[in-house]
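After the sequence you'll find the predicted model.
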Amino acid sequence: FINDEEMAPFMSTDLFGTLSQYLQRATRRGEYADRFGNIGEEITKARDEAVKQGATDIQLKAFDESVKAMEGTLGAEIDPRLKGVYSGLMTYQNLRLLPLQLFASLIDPLGIMVRGGTLGEATAAFGKGLRDLATLGKASKDDAYEIAKTIGSIDAANAHGLMSEMASSGYMPKLQRGINDKFFRWNGMELWNQRMRAQATVAAVNFIDRHMKRPTEHSARFMKELGLKKGDKLNAKNPDYVRAVNKWVDEAILRPNSAQRPVYMSDPNWMLISHLKQYTYLFQKVIVARVYHEIQHGNYTPAMALAAYVPGMMMADMAKMLLTPGSGDDNARAGWTFMDWFGHGMQRAGLFGPSQYGLEMGTDMKRGGIGIESAAGPTIQQLIQFLQGSMQGRMGLQLEKAIPGYNIIKPAGSGGGGQSTAPATH
């Protein structure tokens, strides 16, 4: 037997963390068995059926990788030490690039309108988000928060991890994940995202109530898409209602989901390449797809809400320049025309989806790059810039830009020149 002294270094003293981990895994295991069988028999059955119907090897490979991505086992063979190095580099890039990420997220309330909420609900979300930031969260525990907690659209387990996962990876080691969680609390993103989800929950409740009691030409379709029907009980005791509200919220305020992002983004071997790209894909898959879906059914209201993303992002970037002089390429932007700002706003808002990276290749080359910097991820982008800086005699500038938070602390008007290191979107 191993005595207590020898076992102690390998034991955790975090009682609540350990209990939370046990409960989370037990719940996940139970839900998995309920839906797919104890060892995934339903998944195997579906795969066998696909083989019978003539699925190709490529299709079967895509199926297998998609299942692994959603199970969280894709790339499980990666060396833990390499995974730790990747996670450390991603954490460093977050600290370097995202102190001011909140400005890019000020347009999030528009997602409520795209999903079918009202202008008043989006405005309320924006106003209460600013209030929460001003009071450092002291005003956040209101009715909207309690409703969201009851429904499950926010909870203690995920409230402080969504932004970390969005900007990093769901498979980071404990140390790096802890640093990221604290960072996104510090820069206001966790508080902002929690408030947006709380307000979106209220909007979802109102949306369902509105279309159940005062139906329009689209109401029956809306309810069918949410899995509801006339006569359903609209309260938290009805699991169908709870699922409908959570689905609506997830389609209004983006959250990481392995079922929505490309498979490779769930593979830790590709962590550095996929870093900071989740938002672009999720925006295309959820927000833009919703607008297109509604247009097909003759509903153009979400398209008008989508159009507001561009001026919204333009104003957010201008506000960031005014409030944090030196935080962007101020010298270059000083001579921008309206069309320059408009084009920049369209790219920053994410309206181009994954094709954004093609546009950024052109921008990289225009700025003297080789065209792959933005698409390769911030770590490889920075490495390329270091190499270019050493050849051009500008290594001092690159070393300055390598300091976490340089975008905040650098002298106003210094600009920085060269290629931008900021992520294209959130």
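Nice, I can see it. Numbering: from 1, shown residues only.

pLDDT of stretch 276-296, averaged?
Rounded to a whole number, the mean pLDDT of stretch 276-296 is 90.

and whatever helix or strand G111 lives in, what other elements does it pack with?
Taking DSSP states H and E as the criterion, G111 maps to helix 110-114. Other helices and strands packing on helix 110-114, by 3 or more Cβ pairs under 8 Å, 6 or more residues apart in numbering; DSSP states H and E, are helix 119-134, helix 189-213, helix 239-252, helix 301-307. Quick note: C-beta positions are derived from backbone N, CA and C, even for glycine.

Comparing those, which comes out most buried?
Among these, ranked by average contacts under mean count of other Cβ atoms under 10 Å, first place goes to helix 189-213 (a mean of 23).

Quick check: what element follows that helix along the chain?
Sequence-wise, the next helix or strand beyond helix 189-213 is helix 219-225, with elements assigned using DSSP H and E.

Buried residues, stretch 30-44. List them.
F36, G40, I43 (16 or more other Cβ atoms under 10 Å).

Low-confidence regions, this structure specifically.
1, 139-140, 155-171, 325-332, 407, 409-426 (pLDDT under 70).

related to what we said a few turns ago, got the helices and strands packed on helix 110-114 as JSON lines, with distance to L351 columns?
Written out in JSON lines, the entries for the helices and strands packed on helix 110-114 read as follows (distance: least, Cβ to Cβ, whole Å):
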{"stretch": "helix 119-134", "distance to L351": "18"}
{"stretch": "helix 189-213", "distance to L351": "20"}
{"stretch": "helix 239-252", "distance to L351": "17"}
{"stretch": "helix 301-307", "distance to L351": "7"}
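
Those helices: which one's closest to I78?
When those are ranked by distance to I78, counting by Cβ to Cβ, first place goes to helix 189-213 at 27.5 Å.

Give the other helices and strands that that closest one contacts.
Packing contacts for helix 189-213, counted by 3+ Cβ pairs under 8 Å, 6+ apart, involve helix 101-104, helix 110-114, helix 119-134, helix 143-151, helix 162-167, helix 174-186, helix 219-225, helix 239-252.

how about the buried residues of stretch 30-44 in JSON lines, adding secondary structure and distance to E65?
Formatted as JSON lines, the entries for the buried residues of stretch 30-44 read as follows, by DSSP: H, G, I helix; E, B strand; the rest coil; distance: Cβ to Cβ, whole Å:
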{"residue": "F36", "secondary structure": "helix", "distance to E65": "17"}
{"residue": "G40", "secondary structure": "coil", "distance to E65": "15"}
{"residue": "I43", "secondary structure": "helix", "distance to E65": "13"}
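
need these in TSV with distance to E77, can you?
What follows is these, written out as TSV (distance: Cβ to Cβ, whole Å):
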residue	distance to E77
F36	23
G40	19
I43	20
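
Which of those residues lies at the shortest distance from Y145?
Proximity of the buried residues of stretch 30-44 to Y145 (Cβ to Cβ) peaks at F36, which lies at 33.4 Å.

Now do the end-to-end distance for stretch 71-90.
Start-to-end span of stretch 71-90 (Cα to Cα, to the nearest Å) is 22 Å.

any idea how far the residue nearest to N246 when sequence neighbours are not counted is from E217?
Leaving aside its sequence neighbours, N246 sits nearest to S153 (Cβ to Cβ, 6 or more residues apart in numbering; 5.4 Å). Distance of S153 to E217, given as Cβ to Cβ, to the nearest Å: 28 Å.

neighbour-wise, which of these two wins?
S153 (26 against 9; other Cβ atoms under 10 Å).

hang on, the earlier thing: please tell me I have it right and the residue nearest to N246 contacts T201.
Yes: between S153 and T201 there is a contact at 4.6 Å, judged by Cβ atoms under 8 Å.

any shared contact partners between those two?
Common neighbours of S153 and T201 (criterion: Cβ atoms under 8 Å, 6 or more residues apart in numbering): V245, V249.

Let me know the secondary structure of M172.
Going by DSSP: H, G, I helix; E, B strand; the rest coil, the secondary structure assigned to M172 is coil.

for it, what are its contacts?
The contact partners of M172, taken as Cβ under 8 Å, 6+ apart, are S87, M90, T91, S164, N180.

Out of these, flag the one nearest to A134.
A134 has its nearest neighbour among the contacts of M172 in S164, at 23.3 Å by Cβ to Cβ.

and D232, how far is that from S153?
Counting by Cβ to Cβ, the gap between D232 and S153 amounts to 18 Å.

and what of D14?
Relative to S153, D14 is positioned 27 Å away (criterion: Cβ to Cβ).

L228 sits in which helix or strand?
Counting by DSSP H and E, L228 is found in no helix or strand.

number of nearby residues for R394?
Neighbour count of R394, defined by other Cβ under 10 Å: 16.

wait, K174
By other Cβ under 10 Å, the burial measure for K174, its neighbour count, is 11.

so who does the closest residue to P404 other than its chain neighbours touch?
If the residues on either side of it in the chain are set aside, P404 comes closest to L95, at 3.9 Å by Cβ to Cβ, 6+ apart. Residues in contact with L95 (Cβ under 8 Å, 6+ apart) are I179, F183, P404, G405.

mind listing what the last one touches?
This points to G405. Under the criterion of Cβ under 8 Å, 6+ apart, the neighbours of G405 are L95, R96, P99.

For G377, list the residues it contacts.
By Cβ under 8 Å, 6+ apart, the residues touching G377 are L272, I273, S274, H275, L276, K277.

where does the closest residue to W336 other than its chain neighbours land in three-state SS?
Nearest residue to W336 in three dimensions, chain neighbours excluded: H344, at 7.6 Å (Cβ to Cβ, 6+ apart). Secondary structure of H344, reduced to three states by three-state DSSP: helix.
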